[in-house]
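Engineer: Just need the structure, nothing else, for what follows:
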Amino acid sequence: MTKKIVVTGLGTTSPLGGSVGDTWKALLAKESGVRPLEQEWVEKYELPVSFAGQARVPAADVLERVETKRLDPSSQFALIAGREAWADAGAPDIDPERIGVDFATGIGGVWTLLDAWDTLREKGPRRVLPMTVPMLMPNGPSAAVSMEIGARAYSRTVVSACASGTESIVNAYEHLQAGYADIVVAGGSEAAIHPLPIAAFAAMQALSKRNDSPETASRPYDLSRDGFVLGEGGAALVLETEEHALARGARIYAELTGGAVTSDAYHITAPDPAGSGAGRAMRAAIEQAGASISDVTHINAHATSTPVGDIAEFNAIKAIFGEHTANIAISATKASTGHLLGGTGALEAIFTVLALHERLAPPTRNLTEQDPAIELDVVTEPRALGDGPLFALSNSFGFGGHNAVVAFRSY
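Structural biologist: Residues are numbered from 1 along each chain as shown. Model (predicted):
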């Protein structure tokens, strides 16, 4: 028997704000979370890109000093988001062995790893911190969240580049259906605004280089788009069976109707130009929900603002939805937040849930001249989604050909 899975808690720290409320308010106001980098290493290493979507509220302003010293920034963001989501869900008082965590990252503790390498080279092995490995390991964010809420059913980590956060939600759905837990905290985090990833992404021509206008650099679907903007932060959703949520009197934001994961098996960084893998993931998510293509009213698109990526996603959408494509309100929220890599899918899932809960599609910034090859109805101002049942998708696609899509229904 298929169980109904619902969303009962949300949490984030993002380039737009230190909480869900602040982030959503800034998104609807079309604010930008992208700003110039003021760190000395930008000039020191002569980086070709000097801006990013840094967390609006530094983790050190929120966490205790001992927490910042023992956790990589990626885990710090996860802990902040997980705490807010758990509190938002009412901090459920249930058997810890019925609580699970599915948390993701795309890169992991890159700051810890590279700082430790510098320490080893410059000061020798005795100065390398004993907490280095626990801090740099990719499952650090999941471990931090699980220990915070006492989750003993399981704590799992998925690493699939920019699809990671969305894949963690797909996994949580499947684990709840399988009965592994009654409540799961799912999400993702990333803290890769470091000179090495910036230099590497820039070398492969993936980043926008609009150093003179950072706030307008991320331009999904625009004819002048030239790459994505690196972002950081964390996002978490509390998911549980409807039966369990109703029994404890929880507030329900939306229903998670399922999701799907596919692979392109095409190229390590470039998407399949036809978008066939992405399309299969969208179709599978819709079918798992027991919905039809005509039910889809809104999509939070992956839309990174890269020349080839935006086209590939459009091709996938058009191939699946055909004439119904014109009826779907498309939001491309990375224009405001930048690209949080492994955390971006979880953040955009929150935006999708809130769009359904408030019946309001968030706007896309910086679209001044839409690429005529991308015939989508892109939301550029907050738009009411109307009455009646609403059904939405959130898309995420990552290096390696990873595709992940989750589907939500208004509750």
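Engineer: Walk me through the domains of the chain.
Structural biologist: Domain assignment for the chain by automatic domain parsing gives 5-247, 260-410.
Engineer: Mean pLDDT and distance to Y253 added to these, as JSON lines?
Structural biologist: Any C-beta I mention is one placed from the backbone N, CA and C, and that applies to glycine too. Shown next, in JSON lines, are the domains of the chain (pLDDT from 0 to 100; distance: least, CB to CB, whole Å):
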{"stretch": "domain 5-247", "mean pLDDT": "98", "distance to Y253": "4"}
{"stretch": "domain 260-410", "mean pLDDT": "97", "distance to Y253": "5"}
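Engineer: and those as TSV, adding mean neighbour count?
Structural biologist: Shown next, in TSV, are those (neighbours: other CB atoms under 10 Å):
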stretch	mean neighbour count
domain 5-247	21
domain 260-410	22
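Engineer: Dump these into JSON lines; add distance to A254 as well.
Structural biologist: Putting these into JSON lines (distance: least, CB to CB, whole Å) gives the following:
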{"stretch": "domain 5-247", "distance to A254": "5"}
{"stretch": "domain 260-410", "distance to A254": "5"}
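Engineer: Distance check, the most centrally placed residue in the chain against D61.
Structural biologist: Geometric centre of the chain, nearest residue: T344, 2.0 Å, by CA atoms, centre = their mean. Between T344 and D61 the computed distance is 23 Å (CB to CB, to the nearest Å).
Engineer: now swap in S160 and tell me
Structural biologist: Counting by CB to CB - S160 and D61 are separated by 31 Å.
Engineer: residue contacts, P138?
Structural biologist: By CB atoms under 8 Å, 6 or more residues apart in numbering, P138 lies in contact with T105, I107, G108, G109, T157, V159.
Engineer: Kindly indicate whether the fifth one is helix, strand or coil.
Structural biologist: Assigned by DSSP: H, G, I helix; E, B strand; the rest coil, the conformation of T157 is strand.
Engineer: Can you give me every residue that contacts S168?
Structural biologist: Per CB under 8 Å, 6+ apart, neighbours of S168: D102, F103, A104, V158, A186, G187, G188, G345, A346.
Engineer: unless I'm mixing things up, the last one is touching E190, no?
Structural biologist: Spelled out, it's A346. No - contact between A346 and E190 fails when scored by CB atoms under 8 Å: they sit 9.9 Å apart.
Engineer: Now the common contact residues for the two.
Structural biologist: The contact sets of A346 and E190 overlap at G234 (CB under 8 Å, 6+ apart).
Engineer: The stretch 151-300 of the chain: helices as residue ranges?
Structural biologist: 164-177, 195-203, 242-247, 276-288 (DSSP state H, counting those that start in this stretch).
Engineer: Let's see stretch 98-108 as CSV, backbone CA atoms only.
Structural biologist: What follows is stretch 98-108 as a C-alpha-only set of coordinates in CSV (Å, rounded to 0.1, in the frame of the first residue of the first chain):
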residue,chain,number,x,y,z
ARG,A,98,11.8,6.0,14.0
ILE,A,99,13.7,9.1,12.8
GLY,A,100,15.9,9.1,9.7
VAL,A,101,18.2,11.6,7.9
ASP,A,102,18.8,11.7,4.2
PHE,A,103,21.3,14.6,3.6
ALA,A,104,23.4,15.5,0.6
THR,A,105,26.4,17.4,-0.5
GLY,A,106,28.0,17.8,-3.9
ILE,A,107,31.6,18.4,-2.8
GLY,A,108,31.8,18.0,1.0
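Engineer: re earlier: the strand or helix carrying the residue nearest to the centre of the chain to helix 164-177, inter-axis angle?
Structural biologist: Taking DSSP states H and E as the definition, T344 sits inside helix 344-358. Put simply, helix 344-358 runs at 70 degrees to helix 164-177, going by axes from the mean of the first three to the mean of the last three CA atoms, to 10 degrees.
Engineer: Now the element after helix 344-358, going C-ward?
Structural biologist: strand 360-361.
Engineer: dump the residue contacts of E148.
Structural biologist: L79, G82, R83, W86.
Engineer: tell me which element it is part of?
Structural biologist: Using DSSP H and E, E148 falls within helix 140-149.
Engineer: okay, now the closest residue to A289 other than its chain neighbours: neighbour count?
Structural biologist: Nearest non-adjacent residue to A289, counting by CB to CB, 6 or more residues apart in numbering: T257, 3.5 Å away. Neighbours of T257 under the rule other CB atoms under 10 Å: 22.
Engineer: contacting residues around T257?
Structural biologist: For T257, the contacting residues are I5, A285, Q288, A289, G290, A291, F391, A407, F408, R409, by CB under 8 Å, 6+ apart.
Engineer: Among the residues you listed, which lie within strands?
Structural biologist: Judged by DSSP state E, strands contain the following of the contacts of T257: I5, F391, A407, F408, R409.
Engineer: what's the most distant pair in the residues you listed?
Structural biologist: By the measure CB to CB, I5 and F391 form the most distant pair in the ones in strands among the contacts of T257, at 14.7 Å.
Engineer: Please tell me how far R359 sits from K69.
Structural biologist: Distance from R359 to K69, by CB to CB: 44 Å.
Engineer: Tell me the one of the contacts of E148 nearest N171?
Structural biologist: The closest of the contacts of E148 to N171 turns out to be G82 (CB to CB; 16.0 Å).
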